[in-house]
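# A structural model of the following input is requested.
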Amino acid sequence: MGPGAHQDEQVRWLSPASPPPRAVRPADDRTTAAAALAEARRGAGLAYRGDYRNARQLLAAMGRRLEGGRTARGSRPSSADLLEIFRAERRQRREAHLLLSRLAVPVVDGLRVDLARAPEAAEALREALGPAPILPGLLPLRDLLGMIGAHEWRVKGVAVPALGAHLHPRYGVFAPVRGEHVDLVAEAARRWSPAGRRALDVGTGSGVLAFVLARAGARVTATDLSSAAVASTREDAARLRLSALVEPVEADLFAEGRFDLVVCNPPWLPAEAITPLERAVYDPGSGFLGRLLDGLAAHLAPGGEAWLVLSDLAERLGLRAPGEVEARLAAAGLEVREVLAARPVHPRSRDAGDPLHAARAAEVTSLRRLVAI
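Residues are numbered from 1 along each chain as shown. As a prediction, this is how the structure comes out:
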């Protein structure tokens, strides 16, 4: 839509995570979930006018209708079925994201949500949309809820036991809520001290691995293509008093030069990301991983090494062939010297009702210590 039409009114679609609809229709406290989904399936956005709590109830009711067609929880599929279950769930998730994102609320000057009983969300919207978005506009209610949640995380912080501290990632930056990769890098830093070495953290995200390395005495360049990630890393480096040791740089993969140590926890599932935030997890065609490995040797200083942290969930789901990572490493002129491994501790690995539980429970995250040959 870009600008599009709500009756005769020009509206701006404010979502950073979902495409604009072809047209916009009115919705209010009388709109049913069935009617809303019917309009959404026809490609229309719904501009809600009424009570904020009713809008949230409508969104929840739409979600429940979509959930009714999902894979039954509690089933115990064979390993041969896991790939199809994964693909079906991704299709369902994409449909839900698209349809539920079409229920939108008006945002007006002052970054105010123009609904009765709407919460004060100006600060959350400013962090997500920038200080001066062009208003008025329509923002998917799902986006609004995500922005409010991200702001709450940012205020209270995300605890990182390996650092003994909290990080405060910005909206759109993947929070370090899973600890396996962080703990592995912390363990590697204890075994093979990076003190005094020039290190590169590729795809730094929240900056958590850069901070672990800096705490161990490394001088770290932390790259990310996301300006929000770079800003978050810079802010948290200051909070942790690590600014002298951590230099965030906006870059696609590598920074200029060669490094004594290159560390990366790349996205681990070779499948399409549905939202921008999912790019921290999903890597279509293993494009990120391939470019990382192909360029790694050229960015290692003489005698340098790399720590590649990667889950094997892709192999367990059938998304990546067994031995494919090892073959890519060999083709890139890299040799594995040592391996550290960790089993999952996140809640989904213990959810026996998850159709993918067999793969998640068996998942192993490994840190491969690599050298160029």
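
# which non-adjacent residue is nearest Lys156?
His166 (7.6 Å; C-beta to C-beta, 6 or more residues apart in numbering). Every C-beta, even on glycine, is put in place using the N, C-alpha and C of the backbone.

# Which neighbours in the sheet does whichever helix or strand the one you found is part of have, and how are they oriented?
Using DSSP states H and E, His166 sits within strand 165-167. Using DSSP bridges, the strands paired with strand 165-167 in its sheet are strand 158-160 (antiparallel).

# before we move on, the earlier item: after the strand holding His166, which helix or strand is next?
helix 180-191.

# Could you list every helix and strand that that following helix packs against?
Secondary-structure packing of helix 180-191 (3 or more C-beta pairs under 8 Å, 6 or more residues apart in numbering; DSSP states H and E): helix 208-215, strand 300-311, strand 334-342, strand 365-372.

# Where do the helices of this protein begin and end?
33-41, 52-67, 79-100, 122-129, 141-156, 180-191, 208-215, 227-239, 287-296, 313-317, 324-331, 357-362 (DSSP state H).

# what's the most buried one of those?
helix 208-215 (a mean of 27; mean count of other C-beta atoms under 10 Å).

# roughly how far out does that helix sit from the chain middle?
19 Å (C-alpha atoms, centre = their mean, to the nearest Å).

# List the contacts of that helix.
The contact list for helix 208-215, computed with C-beta atoms under 8 Å, 6 or more residues apart in numbering, reads 160, 162-163, 165, 167, 176, 181-182, 185-186, 189, 194, 199, 201, 204, 220, 222, 233, 236-237, 240, 242, 245-246, 248, 261, 263, 265.

# That helix - what's its average pLDDT?
Averaging pLDDT along helix 208-215 gives 98.

# can you give me the angle it makes with helix 227-239?
Helix 208-215 and helix 227-239 are oriented at 30 degrees to each other (axes from the mean of the first three to the mean of the last three C-alpha atoms, to 10 degrees).

# ok and helix 208-215 relative to helix 180-191, angle-wise?
Using the same axes, to 10 degrees: helix 208-215 against helix 180-191 is 20 degrees.

# Helix 208-215 to strand 300-311, inter-axis angle?
Using the same axes, to 10 degrees: helix 208-215 against strand 300-311 is 130 degrees.

# Could you pull up the contacting residues of Arg368?
So Arg368 contacts 307-310, 329, 336, 338-339 (C-beta under 8 Å, 6+ apart).

# Quickly check those residues for the two that are furthest apart.
Within the contacts of Arg368, Leu310 and Glu338 form the most distant pair, 14.7 Å apart (C-beta to C-beta).

# and these two? which has more neighbours close in?
Set Leu310 next to Glu338 and count neighbours by other C-beta atoms under 10 Å: Leu310 wins out with 20 against 13.

# what is that one paired to in the beta sheet?
Applying DSSP bridges, one finds that Leu310 bridges with Ser366.

# wait, doesn't it sit right on Ser366?
Yes. The criterion here is C-beta atoms under 8 Å, and Leu310 meets it with Ser366 at 6.2 Å.

# Report the residue spans of the stretch 51-200 of the chain with pLDDT below the cut-off.
69-80 (pLDDT under 70).

# Same check on the stretch 251-373 of the chain?
Those would be none, if you go by pLDDT under 70 across the stretch 251-373 of the chain.

# Using the record's domain definitions, break this structure down for me.
3-153, 157-372 (automatic domain parsing).

# Next, the distance between the ends of the longest one.
Spelled out, it's domain 157-372. With C-alpha to C-alpha, to the nearest Å applied, domain 157-372 spans 38 Å between its terminal residues.

# Tell me the gap between that domain and the middle of its chain.
The answer for domain 157-372 is 13 Å, by C-alpha atoms, centre = their mean.

# that older thread, just the helices and strands packed on helix 180-191: most buried one?
Taking mean count of other C-beta under 10 Å, helix 208-215 is the most buried of the helices and strands packed on helix 180-191, at a mean of 27.

# could the contacts of Arg368 be laid out in JSON lines, adding distance to Gly45?
What follows is the contacts of Arg368, written out as JSON lines (distance: C-beta to C-beta, whole Å):
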{"residue": "Trp307", "distance to Gly45": "45"}
{"residue": "Leu308", "distance to Gly45": "42"}
{"residue": "Val309", "distance to Gly45": "40"}
{"residue": "Leu310", "distance to Gly45": "39"}
{"residue": "Leu329", "distance to Gly45": "46"}
{"residue": "Val336", "distance to Gly45": "50"}
{"residue": "Glu338", "distance to Gly45": "53"}
{"residue": "Val339", "distance to Gly45": "49"}
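
# What is the neighbour count of Ile26?
Actually, residue 26 is Pro rather than Ile. 13.

# Quickly list what it is bridged to.
Beta-bridge partners, per DSSP bridges, of Pro26: Ala47.

# ok so, going back, show me which of the contacts of helix 208-215 are buried.
160, 162-163, 165, 167, 176, 181-182, 185-186, 189, 194, 199, 201, 204, 220, 222, 233, 236-237, 240, 242, 245-246, 248, 261, 263, 265 (16 or more other C-beta atoms under 10 Å).
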